[in-house]
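> output the structure for:
(one chain, ligands or ions: 1)
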Amino acid sequence: MTNRVFLDWSHWSAGSRGSVATVTQRDSDRSSVYAVEDQWGQILDRGGDLDFFGSHLHLPKQRVLLELAAIQHYVDDLLSQCAGDLSVPVQVRHRRGVTRAHYEPRPIAAIAIPIGVAWACREVVILHELAHHLRYQRASGSLHHDEGFRGQLVTLADHALGPEAAFALRAGYLGAGLGVEP
Ligand SMILES: [Zn+2]
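Numbers count the residues shown, from 1 in each chain. Okay, the predicted model is just below:
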């Protein structure tokens with residue numbers, strides 16, 4: 001079965017996203033980034049074949065990791081693949097409430113997720129927070145959803161979900177007028 005995606009990203013709201021990071025006034029792309037990732041996440045909830053601007057993509061179905069140890073292992077594994085000379089580990093911890101996940105750089109770098117809550121334990125949410133970690137460590141403490149963040153998330157998606165999922169994310173950003181740092 002082929003899903004058709006209409007790339008009028010402006011019609012997507014960020015209502016189901018639920019993930020936050022520390023935000024300043026300069027984090028002007030945040031809501032647009034959430035909207036793109038919302039749709040990307042929904043596509044990966046189903047996986048399968050996709051017509052995409054005339055390209056045929058076969059997308060994986062993203063995993064849902066409901067246990068803390070499984071998320072920690074997933075994050076550690078990706079860091080060992082993607083971090084290069086960056087050796088700062090990140091700890092996964094349970095977050096109270098069910099509506100948000102976040103990344104906190106201090107006192108210990110941590111990804112806080114409501115463990116056991118299905119939407120929050122999806123790969124797209126974990127990857128978003130891990131991208132914050134890598135970006136924070138590499139870009140002098142930036143927690144913005146800027147070009148560098150988006151480039152980092154595309155790289156992580158390539159490692160974790162494959163090149164077609166990464167392509168779809170990049171295309172979604174660009175379709176929304178959001179640049180991606182190479
Ligand atoms: Zn974020």
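> could you check how far Arg106 is from Gly141?
10 Å (CB to CB, to the nearest Å). All C-beta spots, glycine's among them, are computed from the backbone N, C-alpha and C.
> between these two, who's got more neighbours?
Gly141 (11 against 8; other CB atoms under 10 Å).
> pretty sure the more buried one is in a strand, no?
No - applying DSSP: H, G, I helix; E, B strand; the rest coil, one finds Gly141 to be coil, outside a strand.
> pull the contacting residues for the closest residue to it other than its chain neighbours.
Distances taken as CB to CB, 6 or more residues apart in numbering place Pro105 nearest to Gly141, at 7.0 Å, with adjacent residues excluded. Residues in contact with Pro105 (CB atoms under 8 Å, 6 or more residues apart in numbering) are 133, 136, 141, 143.
> hey, where'd the strands end up in the chain?
Ranges of strands in the chain, per DSSP state E, are 2-4, 19-20, 48-52, 55-59, 91-94, 101-104, 110-113.
> how about the fifth one: buried residues?
Taking 16 or more other CB atoms under 10 Å as the basis for neighbour counts, the residues of strand 91-94 that come out buried are Val92.
> go on, the third one?
Residues of strand 48-52 classed as buried: 50, 52 (neighbour count, 16+ other CB under 10 Å).
> what angle separates it from strand 55-59?
Here the directions of strand 48-52 and strand 55-59 differ by 150 degrees (axes from the mean of the first three to the mean of the last three CA atoms, to 10 degrees).
> from His102, how far off is the spatially most central residue of the chain?
Relative to the mean C-alpha position of the chain, the nearest C-alpha, by CA atoms, centre = their mean, is the one of His128, at 2.7 Å. Per CB to CB, His128 is found 10 Å from His102.
> next one: His56
36 Å.
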